[in-house]
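*Asks:* Coordinates for the following, if possible.
(one chain, ligands or ions: 1)
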Amino acid sequence: MNLFNVYPLFDITPVTAKDVYVFDEKGTKYLDLYGGHAVISIGHAHPEYVKAVSEQVAKIGFYSNSIQNPLQVELAEKLGKLSNCDEYELFLCNSGAEANENALKIASFHTHKKKVLAFKNSFHGRTSAAVVATDNPKIIAPINAQQEVNFVDFGDLESVEKILTQNKTCAVIFETIQGVGGLDESTTAFYQGLEKLCKATNTLLIADEVQSGFGRTGDFFAFQKHKITPDVISMAKGMGNGFPIGGILIHPKIKASFGLLGTTFGGNHLACAASLAVLKVIENEKLMNNAKEISNYFIKNCDSISQLKSVKGRGLMLGLEFDFPIAELRKKLIYNHHIFTGSANNPNLIRILPSLTVKKEHIDLFFDALQQEL
Ligand SMILES: Cc1ncc(COP(=O)(O)O)c(C=O)c1O
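*Replies:* Numbering: from 1, shown residues only. Model prediction:
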């Protein structure tokens, strides 16, 4: 049987990985500044993570959500403390799209409204409501298109106000820093304005932290820099360091009821053990501080690249924007220097999304390679 061919692939076959390095079947070592799309948060095969996941699967890997699972409770407690979002409640699922899908459903249940407001250049996933809130008509199937979404320029509060005051919108969904779109971030005044407008119009504010959450920006969640309180926060990628797990944090003003949301696999024992290990390592190794420190070092190094148009993003969610398409440059970094980086919707932008354990010496390797190729 053939695989359904939806991914253009690099001709590289990773078979093992350790911290910020990935090794192919011939033993070639690649520096991973992409983290498998912002997923690797505490480093590949971190010993504490390997131990926690291995020991858990040997005990009990899965049972359905019809029994007590103390690991879910432990995860909610630890996550609440480390993220400073203790007052929220946690619903666990399996991916970023599913987290946003559930966030949008909650908003519609809570407000009894059905339109969504999203921003141009957004990416929220590929499930039914999440994909329609994604600004990319190519991935929206006719079956999804019934969902009504208004797209507004990122930063345009006036248009947001015009739409929300019609009282038909259940949720505003936003990425504090747009990931796939190309690392744009708006101003504190904008995010606080969104919060105010949502409150005034009984609209839920959903912060999509699927890519920017779990410490990647140096804050636990990227929105925290702007001192806002979203109604729902969605998470995934860095949450399991590669183990599929997602979730939403739900403000206590939204009441739970049996059957409102549900999932077979979400919050299983193995996923909880993986995410708990991630949180412990982030805390013990002070990885949010490291994200800030290495980010500053990276940004300083950018001064040496005269061809660079701008550096975007925050923490270890960074974009290097040139005034030419970077596809060839990325290939050269992979094949000539064995360094993985990411791309974005903006064809001129290289994305840097390493593990939060990355060190200055790895950044030096990247800039040496970049200088040579430019
Ligand atoms: C901001 C954001 N939201 C949602 C998603 C979808 O996550 P998943 O691919 O786990 O469904 C992504 C994936 O790139 C993302 O970057």
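*Asks:* List the contacts of residue 104.
*Replies:* Counting by Cβ atoms under 8 Å, 6 or more residues apart in numbering, residue 104 touches 116, 129-130, 133, 170-171, 173, 206. Heads up, the C-betas are built off the backbone N, CA and C, glycines and all.
*Asks:* And the strands in the chain, which stretches?
*Replies:* Using DSSP state E, the strands of the chain run over 14-18, 21-24, 29-32, 89-93, 115-119, 149-152, 169-174, 204-208, 232-235, 246-250, 310-314, 317-321, 339-340, 349-352.
*Asks:* Would you format these as JSON lines with mean neighbour count and mean pLDDT included?
*Replies:* As requested, those are arranged in JSON lines below (neighbours: other Cβ atoms under 10 Å; pLDDT from 0 to 100):
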{"stretch": "strand 14-18", "mean neighbour count": "14", "mean pLDDT": "98"}
{"stretch": "strand 21-24", "mean neighbour count": "18", "mean pLDDT": "98"}
{"stretch": "strand 29-32", "mean neighbour count": "20", "mean pLDDT": "98"}
{"stretch": "strand 89-93", "mean neighbour count": "22", "mean pLDDT": "98"}
{"stretch": "strand 115-119", "mean neighbour count": "24", "mean pLDDT": "98"}
{"stretch": "strand 149-152", "mean neighbour count": "19", "mean pLDDT": "98"}
{"stretch": "strand 169-174", "mean neighbour count": "26", "mean pLDDT": "98"}
{"stretch": "strand 204-208", "mean neighbour count": "28", "mean pLDDT": "99"}
{"stretch": "strand 232-235", "mean neighbour count": "28", "mean pLDDT": "98"}
{"stretch": "strand 246-250", "mean neighbour count": "27", "mean pLDDT": "98"}
{"stretch": "strand 310-314", "mean neighbour count": "20", "mean pLDDT": "97"}
{"stretch": "strand 317-321", "mean neighbour count": "23", "mean pLDDT": "98"}
{"stretch": "strand 339-340", "mean neighbour count": "22", "mean pLDDT": "98"}
{"stretch": "strand 349-352", "mean neighbour count": "24", "mean pLDDT": "98"}
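*Asks:* Which of the contacts of residue 104 sits closest to the ligand?
*Replies:* residue 130 (6.8 Å; Cβ to the nearest ligand atom).
*Asks:* okay, now the closest one: neighbour count?
*Replies:* Neighbourhood size, residue 130 [other Cβ atoms under 10 Å]: 29.
*Asks:* show me which of the contacts of residue 104 neighbour the ligand.
*Replies:* For the ligand, no contacts are drawn from these by Cβ under 6 Å from any ligand atom.
*Asks:* Most widely separated two among those residues?
*Replies:* Comparing all pairs in these by Cβ to Cβ, the longest separation belongs to 130 and 170, at 13.9 Å.
*Asks:* need the contact list for the closest residue to the ligand within the stretch 51-200 of the chain.
*Replies:* Using Cβ to the nearest ligand atom, the closest approach of the stretch 51-200 of the chain to the ligand is made by residue 96 at 2.2 Å. Going by Cβ under 8 Å, 6+ apart, residue 96 touches 124-125, 208, 210-211, 234-237, 246.
*Asks:* what's the answer for residue 124, then?
*Replies:* Here residue 124 is in contact with 96-97, 100, 118, 130-131, 133-134, 173, 175, 208, 210 (Cβ under 8 Å, 6+ apart).
*Asks:* Let me see the ranges of the helices in the stretch 101-250 of the chain.
*Replies:* In the stretch 101-250 of the chain, the helices defined using DSSP state H, counting those that start in this stretch lie at 128-132, 157-164, 188-200.
*Asks:* How far does the shortest one sit from its chain's centre?
*Replies:* Per Cα atoms, centre = their mean, to the nearest Å, the displacement of helix 128-132 from the mean C-alpha position of its chain is 17 Å.
*Asks:* What is it packed up against?
*Replies:* helix 96-111 (3 or more Cβ pairs under 8 Å, 6 or more residues apart in numbering; DSSP states H and E).
*Asks:* Measure how the helix it packs on sits relative to helix 188-200, angle-wise.
*Replies:* 40 degrees (axes from the mean of the first three to the mean of the last three Cα atoms, to 10 degrees).
*Asks:* Adjust the sequence numbering to begin at 720 for everything that follows.
*Replies:* Right, with 720 as the first residue, what we last looked at is helix 815-830.
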